[in-house]
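Engineer: Sequence first, then the predicted structure:
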Amino acid sequence: MQEQHHGNWYAARLRVRYQESDQMGVVYHANYLNWFEIGRTEMIRQMGYTYRKMEEQGLLLPVTGLDVKYHKPAKYDDEIMIFTRIVAFSGLRLNYEYDVRRMTEDLAVQFGIGEQIWASDESLPGERLVTGSTQHVWVNGDWKPVRLDKAAPELYSALEKVWLSGKE
């Protein structure tokens with residue numbers, strides 16, 4: 001794995017749906033894992049790439065590790081921003097970090113998807129609810145590890161650029 005540093009944060013927005021919460025109106029803990037996936041999918045989309053395009057190139061990116069820390073609960077009908085960034089990157093592996101935050105209506109309107117990228121944790125808007133990270137490995141359709149720089153140099157370059165964007 002290349003040296004670790006943090007790329008810039010990308011944002012995805014959602015409103016907590018009724019089926020994501022329990023009888024107390026609190027989001028069920030496993031739903032945050034789905035939100036992490038939404039965060040990384042939207043980040044790739046904002047880069048001008050899609051998971052569909054990756055799959056068409058015969059590339060898969062399964063999760064090999066997961067860490068989650070729950071700070072405060074999200075609740076039904078909350079406006080949520082999922083902030084996602086790359087924290088480690090190589091031709092074989094990719095690690096993401098997430099910061100899930102509750103937004104006031106004013107903040108939700110002010111910060112739209114893909115309209116702003118944040119460089120530091122301190123500048124992230126909203127109230128922190130959940131933080132976490134996922135670790136991934138690049139594989140082909142037979143689940144054999146592949147080197148992204150060889151299999152999809154265009155995607156490798158795009159990810160490397162995003163990862164390096166937070167480096168000072």
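Structural biologist: Received it, and whenever you're ready, just let me know what you need. Residues are numbered from 1 along each chain as shown.

Engineer: ok, now which ones touch Val16?
Structural biologist: Applying Cβ atoms under 8 Å, 6 or more residues apart in numbering to Val16 gives the contacts 27, 74-78, 80. (Each C-beta comes from the backbone N, C-alpha and C, glycine too.)

Engineer: Now with 6 Å, please.
Structural biologist: Neighbour list for Val16: 27, 74, 76-78 [criterion: Cβ atoms under 6 Å, 6 or more residues apart in numbering].

Engineer: do the same with Leu60
Structural biologist: Val139.

Engineer: Show me what it is bridged to.
Structural biologist: Per DSSP bridges, the residues bridged to Leu60 are Val139.

Engineer: any idea how far Glu20 is from it?
Structural biologist: The gap separating Leu60 from Glu20 is 26 Å, by Cβ to Cβ, to the nearest Å.

Engineer: now Leu124
Structural biologist: Remark: distance between Leu124 and Glu20 (Cβ to Cβ) = 22 Å.

Engineer: Have a look at the two and say which one is more surrounded.
Structural biologist: Legend: neighbour count by other Cβ atoms under 10 Å for Leu124 and Glu20, higher for Glu20 (21 against 16).

Engineer: What is the neighbour count of the nearest residue to that one once chain neighbours are set aside?
Structural biologist: Leaving aside its chain neighbours, Glu20 sits nearest to Asn31 (4.7 Å; criterion: Cβ to Cβ, 6 or more residues apart in numbering). Neighbourhood size, Asn31 [other Cβ under 10 Å]: 16.

Engineer: Give me the pLDDT for Glu168.
Structural biologist: pLDDT for Glu168: 51.

Engineer: With Asp22 instead?
Structural biologist: Looking at Asp22, the pLDDT reads 90.
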